[in-house]
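>>> need a structure here:
(2 chains)
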Amino acid sequence: DQQVKQNSPSLSVQEGRISILNCDYTNSMFDYFLWYKKYPAEGPTFLISISSIKDKNEDGRFTVFLNKSAKHLSLHIVPSQPGDSAVYFCAASDETSGSRLTFGEGTQLTVNP
Amino acid sequence: DGGITQSPKYLFRKEGQNVTLSCEQNLNHDAMYWYRQDPGQGLRLIYYSQIVNDFQKGDIAEGYSVSREKKESFPLTVTSAQKNPTAFYLCASSIVGQTGTDTQYFGPGTRLTVL
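Presented below is the predicted three-dimensional model:
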């Protein structure tokens, strides 16, 4: 039962363009969402998060959008840079699960120079 | 210089041997977690602990054991009962009890290869 799903295993974009990574969830109790970035053979690093009381959160080149009715969130990176090439995971939590996160499968982003 | 350390970076063991992976944090976080990542898959939760001397099973706890005797340490033992132990193991920690701040911070990981 995959409660958090990233349907695109990979995405390729040109440098300077926008990257849009998508994530869907099924558990309506989720109230906090996070994006992590991971390079090979390293631990994931926290990128940006959003609470369910908001529909948008922005941090520099990174913006996360949340559509609660569609149970969908997306991460926008603009402009994309070659150093953004990594695997991106979305994750979700709810109050009943305490501090436990549920992760998606990840999307490999490749930004071509 | 706070953070999470995992050692060693690479670990090789023979089939049938137990092996313990180290995880230490000096962030004063209450909660600690162990995940495993397999190629092309997301992070799957093995065990987690929200307080010293207490821990819970995650989604794939079979063949693993943990202890939490100190706040800063959460070692994971991969036992011979784990059928497919070769994987990348990640440890994480977080503050507990603050709604909307369930951000977990990860260590660099340990690549375990069972020969």
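
>>> going forward, measure contacts and count neighbours with C-alpha atoms only.
Fine.

>>> now do the residue in chain B positioned nearest to chain A against A:Asn112, distance only.
Of all residues in chain B, B:Gly42 sits closest to chain A, at 3.8 Å by C-alpha to the nearest C-alpha. Taking C-alpha to C-alpha, to the nearest Å as the criterion, B:Gly42 is separated from A:Asn112 by 24 Å.

>>> neighbour-wise, which of these two wins?
For the pair B:Gly42 and A:Asn112, the greater number of neighbours falls to B:Gly42 (22 against 16), based on other C-alpha atoms under 10 Å in any protein chain shown.

>>> verify the contact between that one and A:Gly104 for me.
Yes - when contacts are counted by C-alpha atoms under 8 Å, B:Gly42 is listed as touching A:Gly104 (5.8 Å).

>>> what is in contact with these two at once?
Overlap between the contact sets of B:Gly42 and A:Gly104, as judged by C-alpha atoms under 8 Å, 6 or more residues apart in numbering or on different chains, is given by A:Phe89.

>>> enumerate every residue touching residue 19.
You didn't pick a chain, so chain A it is. Going by C-alpha under 8 Å, 6+ apart, the list of residues near A:Ser19 reads A:13, A:75-80.

>>> try chain B instead
When contacts are counted by C-alpha under 8 Å, 6+ apart, B:Val19 is found next to B:13, B:77-79.

>>> pick out the most distant pair among the residues you listed.
Set against one another by C-alpha to C-alpha, the contacts of B:Val19 have their most distant pair in B:Arg13 and B:Thr77, with a gap of 12.4 Å.

>>> give me the nearest residue to residue 9, chain neighbours excluded.
Since no chain was named, I'll use chain A. Once flanking residues are discounted, A:Pro9 sits nearest to A:Thr107: 4.6 Å by C-alpha to C-alpha, 6 or more residues apart in numbering or on different chains.

>>> my bad, the chain I had in mind was chain B
Nearest residue to B:Lys9 in three dimensions, chain neighbours excluded: B:Thr110, at 4.6 Å (C-alpha to C-alpha, 6+ apart).

>>> so where's chain A uncertain?
Of all residues in chain A, those with pLDDT under 70 make up the ranges A:1, A:98.

>>> Three-state assignment for the residue of chain A found nearest chain B, please.
When scored by C-alpha to the nearest C-alpha, chain A has A:Glu105 as its residue closest to chain B, at 3.8 Å. Three-state call for A:Glu105 (DSSP: H, G, I helix; E, B strand; the rest coil): coil.

>>> surely it and B:Leu43 touch.
Yes - applying C-alpha under 8 Å, one finds A:Glu105 in contact with B:Leu43, separated by 7.2 Å.

>>> wait, A:Val4 sits on A:Ala91?
Yes - using C-alpha under 8 Å as the test, A:Val4 is close enough to A:Ala91 to be in contact (7.1 Å).

>>> more neighbours, those two?
Set side by side, A:Val4 and A:Ala91 show unequal neighbour counts under other C-alpha under 10 Å, the larger going to A:Ala91 at 25 against 22.

>>> is the more buried one in a bridge, and if so with what?
Residues found in beta-bridge contact with A:Ala91 (criterion: DSSP bridges) are A:Leu34, A:Phe103.

>>> list the contacts of it.
Taking C-alpha under 8 Å, 6+ apart as the definition of contact, the neighbours of A:Ala91 are A:4, A:33-36, A:101-104.

>>> now render those as JSON lines, adding distance to A:Ala70.
Written out in JSON lines, the entries for those read as follows (distance: C-alpha to C-alpha, whole Å):
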{"residue": "A:Val4", "distance to A:Ala70": "13"}
{"residue": "A:Phe33", "distance to A:Ala70": "14"}
{"residue": "A:Leu34", "distance to A:Ala70": "17"}
{"residue": "A:Trp35", "distance to A:Ala70": "18"}
{"residue": "A:Tyr36", "distance to A:Ala70": "22"}
{"residue": "A:Leu101", "distance to A:Ala70": "20"}
{"residue": "A:Thr102", "distance to A:Ala70": "18"}
{"residue": "A:Phe103", "distance to A:Ala70": "18"}
{"residue": "A:Gly104", "distance to A:Ala70": "17"}
